[in-house]
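J.: sharing a model that was predicted from the sequence below.
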Amino acid sequence: MDIQLTQILFQIINFSVVVGAVGFLLFKPVLKIFDERAKRIAEGEKAATKAQTAYAEIEKNRKLTEASLKKERSEIVKAAQAEALERKEAIIADAKVKAKALTTELQAQWETEKIALFKKSQTDMAEAVLSISEKVIASTLDKKNAQKLIDTELKEIIKAL
């Protein structure tokens, strides 16, 4: 085995052609793909940063909105409580007025019934006194004497009550 210079030279040229062809045909497209991928990754990172910023802004707005809603809700509750208190006082005042009117009406009705019962009891007592008087005296009195006797007896009964 001899080392032949031409063959070595031929091998070097052959190797150089293969390396040049591989570099031209494969290395540049692969580098191009890597560059494109790096650009997409950079764009993705920018988009992620934008998304995080947008999310932070949305979260900030949500918290502000939530705080304003809590404040508004508490104001609405306070207003509702104040209105309920006013309505309660109005209802109580109205109920007191109605109760007073009903009490006055019932007292007037009671007085009317009391007077009616008193008059009925007077007439019943007058009839009873007249009946007893007729039996005791055994004769019928005239109307004038009977009324005088009735009045006298009623006055005595009323004093006894």
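T.: Perfect, I can see it now.
J.: show me the helices in this protein, by range?
T.: For the chain, helices defined by DSSP state H occupy the ranges 5-22, 28-137, 143-160.
J.: looking at the ones you listed, which has the lowest confidence?
T.: In terms of mean pLDDT, the lowest-scoring of the helices of the chain is helix 143-160 (a mean of 77).
J.: and the helices of the chain, which is most packed in?
T.: Ranked by mean neighbour count, those are led by helix 143-160 with a mean of 12 (mean count of other C-beta atoms under 10 Å). Using the backbone N, CA and C atoms, a C-beta is placed for each residue, glycine as well.
J.: neighbouring contacts of that one?
T.: Here helix 143-160 makes contact (C-beta atoms under 8 Å, 6 or more residues apart in numbering) with 122, 125-126, 129-130, 133, 141.
J.: switch those over to TSV; also include distance to Leu25.
T.: As requested, the contacts of helix 143-160 are arranged in TSV below (distance: C-beta to C-beta, whole Å):
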residue	distance to Leu25
Gln122	139
Met125	142
Ala126	144
Val129	148
Leu130	149
Ser133	153
Leu141	157
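J.: state the pair within those that is farthest apart.
T.: Using C-beta to C-beta, the contacts of helix 143-160 reach their maximum pairwise distance at Gln122 and Leu141, which is 18.2 Å.
J.: can you tell me which of the contacts of helix 143-160 lies closest to Val19?
T.: Within the set of those, Gln122 lies nearest Val19; the separation is 145.5 Å, counting by C-beta to C-beta.
J.: tell me how far the closest one lies from Ala128.
T.: 11 Å (C-beta to C-beta, to the nearest Å).
J.: then Lys96?
T.: Between Lys96 and Ala128 the distance, using C-beta to C-beta, works out to 46 Å.
J.: ok, Leu106 next?
T.: On the measure of C-beta to C-beta, Leu106 and Ala128 end up 31 Å apart.
J.: same check on Ala47?
T.: Taken as C-beta to C-beta, the span from Ala47 to Ala128 is 114 Å.
J.: now Ser68
T.: From Ser68 across to Ala128, the span is 87 Å (C-beta to C-beta).
J.: same check on Glu72?
T.: Taking C-beta to C-beta as the measure, Glu72 falls 81 Å from Ala128.
J.: one more: Ala56?
T.: Distance, Ala56 to Ala128, using C-beta to C-beta: 103 Å.
J.: do the same with Ala54
T.: 105 Å.
J.: cool, and Lys46?
T.: Applying C-beta to C-beta to Lys46 and Ala128 gives a distance of 117 Å.
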